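Colleague: Got a predicted structure here, sequence first:
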Amino acid sequence: MSTRDVRHPIRRAAFAGRWYAGGAADLQRDVDRYLAAGPPPRPATRALVSPHAGLMYSGPIAGYGYAAVRGGDYDVVVLVGPSHYKAFDGVAVVARGSFDSPLGALAIDESLASTLAGAADLVTVDAEVHAREHSLEMQLPFLARVLPGVPIVPLIIGAQRRRVTHALGELLARQLARRRPLLIASSDLSHFLARSAAVRLDTRVLECLTRFDADDLDRALAAEPNHACGGGAIVAVLRAARALGADAGAVLKYGDSGDVSGDTESVVGYVSAAFGRPVAARS
């Protein structure tokens, strides 16, 4: 197939070679190293929260979440992230084609993407929003390694208003009821604070994630939006995951950019968290 074939459009990787290795061998080495530090697979996982900074900073955290779903029995991955570059209302989806990565293209579940766009005024087809957005792209190298061949549905939230995030959660719950989905909320935590201040803000979010409490996270975000850049994506995914049968949350790994840079005066927080059925204790 020609890459110019408009019937099967490809969303080009915008950050390869900048925020992560542009060559397949180097990127696979990096991703596999991050995965190796993570936990054993958690087969009952229905949703993840995963960071989206440059891989050298967020990769050691993201690897914990993706290790937990490696080889899982999923038939679609629904990615939900915030818009960093374009202001708009509602949710934007790419409904056809694939998202490219150095580790191979990830095909879009065109039927589900189109269904979501046709089911409510909330979701519109808008490839332009996705063209230079990193919040979903940073998830793709991990997905290419842990769930190869599983199609994706890429969703970007514009203004992260409560009515939008709640409506998206409800829409996903309805449309995914007969599927085996993995939902991924792409979000970093607090931005550019001294580590001591960042930990105070981030701890509030971590507590909400551990309790699987989307309503309390809503309240925290209303009081202080700097809790998380993709807080609305997290709320939508948690609400959908709960409706789809998940009933327990766990923070798998927390850290910040200072762990890599050594600069603790201005950090960005990162978390991997998983939601599903409780993991049985080992004897």
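Modeller: That came through, no problem.
Colleague: Apart from its chain neighbours, what residue comes closest to residue 253?
Modeller: Nearest non-adjacent residue to residue 253, counting by Cβ to Cβ, 6 or more residues apart in numbering: residue 64, 3.8 Å away. Every residue, glycine included, has its C-beta placed from N, CA and C.
Colleague: That should have said residue 205, apologies.
Modeller: residue 227 (5.2 Å).
Colleague: And the residue nearest to residue 253, how far from residue 41?
Modeller: 12 Å (Cβ to Cβ, to the nearest Å).
Colleague: likewise residue 143?
Modeller: 15 Å.
Colleague: now residue 240
Modeller: 22 Å.
Colleague: Ok, residue 233 next?
Modeller: In terms of Cβ to Cβ, residue 233 sits 24 Å off from residue 41.
Colleague: in whichever strand or helix holds the residue nearest to residue 253, what's buried?
Modeller: Assessed by DSSP states H and E, residue 64 sits inside helix 55-68. Buried residues in helix 55-68, counted by 16 or more other Cβ atoms under 10 Å: 55, 57-68.
Colleague: farthest-separated two in these?
Modeller: 57 and 68 (20.2 Å; Cβ to Cβ).
Colleague: Please report how far the residue nearest the centre of the chain lies from residue 87.
Modeller: Per Cα atoms, centre = their mean, the C-alpha nearest to the average position across the chain is that of residue 186, at 2.8 Å. As for residue 186, its distance to residue 87 is 18 Å (criterion: Cβ to Cβ).
Colleague: What is the burial count for residue 71?
Modeller: 10 (other Cβ atoms under 10 Å).
Colleague: again, but for the one 4 residues further on
Modeller: Per other Cβ under 10 Å, the neighbour tally for residue 75 reads 13.
Colleague: Contacts only, for it.
Modeller: 150, 151, 179, 180, 181 (Cβ atoms under 8 Å, 6 or more residues apart in numbering).
Colleague: avg pLDDT for stretch 24-41?
Modeller: Average pLDDT, stretch 24-41: 97.
Colleague: What lies in contact with it?
Modeller: 16, 20-21, 55, 59-60, 62-72, 102-103, 141-142, 145-146, 252-253.
Colleague: Stretch 189-198 now?
Modeller: Counting by Cβ under 8 Å, 6+ apart, 51, 201-202, 205, 226-229, 256, 258, 264-271 sit against stretch 189-198.
Colleague: Now, of these, which are buried?
Modeller: Looks like those have 51, 201-202, 205, 226-229, 256, 258, 267-271 buried, using 16+ other Cβ under 10 Å.
Colleague: ok so, going back, show me the contacts for the residue nearest to the centre of the chain.
Modeller: Contacts of residue 186 (Cβ under 8 Å, 6+ apart): 50-52, 79-82, 135-136, 138-139, 230, 233.
Colleague: One more: residue 23?
Modeller: residue 102.
Colleague: now residue 204
Modeller: Listed by Cβ under 8 Å, 6+ apart, the contact set of residue 204 reads 220, 224, 227.
Colleague: try it again with 6 Å
Modeller: residue 220 (Cβ atoms under 6 Å, 6 or more residues apart in numbering).
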